[in-house]
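Engineer: Turn this into a model:
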Amino acid sequence: MKNEEEVKTTFPERSRSYQHHHVDSTRWDDFRPRRDDIVIATAYKAGTTWMQTIVGNLIFWESEPPAPIRKLSPWFENRTFPKEYTDKLLEKQTHRRFLKTHLPLDAMPYFSEVKYIYVGRDGRDVFMSFWNHYRSYTQDFLDILNNTPGRVGDRLPPCPEDIREVWQNWISKGWLEGEEDGYPFGSMFDNVKTWWDFRYLPNIHFVHFNDLLQDLEKEIRRVARFLEIEVDEDVWPRLAEKASFATMKKKADEVTPLREGIFTGGPQQFIYKGTNGRWRGVLSEDDLRLYDQVVKKHLSPDCAKWLENGGSIQKSP
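Structural biologist: Next up is the predicted model:
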């Protein structure tokens, strides 16, 4: 593993494939970037759809987006949609493109001309959102995930009914080779570390879920500066309102990704609560000690602090 000083002299390099029931990282093999492309990256359940909504509203700040965000901003390595469909969708877009990924940075090609936005969230909050997400999968969607040709690895099992079992698996068991947590999806800790190691690069911008909750307009302004999008001053309150969680909840059918029939509660189940701290009273003291041990093992102190609290980060030594 490279130390921080070694990382600071390099650019990200793809060193592994990342494939399971949901994703196929090899779909990035022939991706052709445009100079103004935007990639929104998260492990999962950290505010991906929220950031897609923010970016979409910034790109189309002078008008309404020409289609629902879920259709404008594809999840590129999602293997349940034909690759040809996603490629054609992006090729036909004449506006500034923005797509999402849940891949670790070392499992995808890096492009210096692309702007990357990485969204982070406290792992305990990620787990609670993940649990709601996973337990809401319909049997039809599990069948799609498991039976779409090309799956690498085991079938995704149904979510256990007991949250205790889900937690123990998620925090202490890996699904992919080389990972020690994240079962049955992928390691959140591994994901955030791969991006954190290259936080100093000028085309990678970090946003935290806590900061979006605390001052949404301020964070939207920061994103706009990073993307070099100039917006009329009187438009900011409207953009913040359009990107508020309450508004997204009302328009869940427009922003919820993937397919219809995924969740037992419909799109409203995907745009669930948008709050933090629901793990309190759910995770035990032993659970929290185990969580702290996993964080300490996998993340540097500054990364762990940011992941828990948010706030600005040091881009350079």
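
Engineer: buried stuff in the helix or strand that Lys71 is a member of?
Structural biologist: Taking DSSP states H and E as the definition, one finds Lys71 inside helix 69-72. Within helix 69-72, the residues that count as buried by 16 or more other C-beta atoms under 10 Å are Ile69, Arg70, Leu72. (Each C-beta comes from the backbone N, C-alpha and C, glycine too.)

Engineer: So which of the residues you listed sits lowest on pLDDT?
Structural biologist: Of all those, Arg70 carries the smallest pLDDT score, 85.

Engineer: Ala246 versus that residue, what's the distance?
Structural biologist: 18 Å (C-beta to C-beta, to the nearest Å).

Engineer: now Asp286
Structural biologist: 36 Å.

Engineer: Likewise for Gly47?
Structural biologist: For Gly47 relative to Ala246 (C-beta to C-beta), the value is 15 Å.

Engineer: Same drill for those two, tell me which one is more crowded.
Structural biologist: Gly47 (26 against 10; other C-beta atoms under 10 Å).

Engineer: okay, stretch 225-244 in PDB with CA atoms only?
Structural biologist: Extracted as PDB, the C-alpha positions of stretch 225-244 are listed here (Å, rounded to 0.1, in the frame of the first residue of the first chain):
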ATOM      1  CA  ARG A 225     -17.600  27.000  -8.400                       C
ATOM      2  CA  PHE A 226     -15.900  23.600  -8.800                       C
ATOM      3  CA  LEU A 227     -17.800  22.900 -12.000                       C
ATOM      4  CA  GLU A 228     -17.200  26.500 -13.200                       C
ATOM      5  CA  ILE A 229     -20.900  27.100 -13.700                       C
ATOM      6  CA  GLU A 230     -22.000  30.700 -13.200                       C
ATOM      7  CA  VAL A 231     -25.500  31.300 -11.900                       C
ATOM      8  CA  ASP A 232     -27.500  34.500 -11.500                       C
ATOM      9  CA  GLU A 233     -27.600  35.500  -7.900                       C
ATOM     10  CA  ASP A 234     -31.400  35.600  -7.600                       C
ATOM     11  CA  VAL A 235     -31.600  32.000  -8.800                       C
ATOM     12  CA  TRP A 236     -29.800  30.400  -5.800                       C
ATOM     13  CA  PRO A 237     -32.800  30.100  -3.500                       C
ATOM     14  CA  ARG A 238     -34.800  28.400  -6.300                       C
ATOM     15  CA  LEU A 239     -31.900  25.900  -6.900                       C
ATOM     16  CA  ALA A 240     -31.700  25.100  -3.200                       C
ATOM     17  CA  GLU A 241     -35.500  24.500  -3.100                       C
ATOM     18  CA  LYS A 242     -35.400  22.200  -6.100                       C
ATOM     19  CA  ALA A 243     -32.600  20.200  -4.600                       C
ATOM     20  CA  SER A 244     -34.200  20.000  -1.100                       C
END
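
Engineer: and it, how far out from the chain's middle?
Structural biologist: 21 Å (C-alpha atoms, centre = their mean, to the nearest Å).

Engineer: buried stuff in that stretch?
Structural biologist: For stretch 225-244, using 16+ other C-beta under 10 Å, the buried residues are Phe226, Leu227, Val231, Trp236, Leu239, Ala240, Lys242, Ala243, Ser244.
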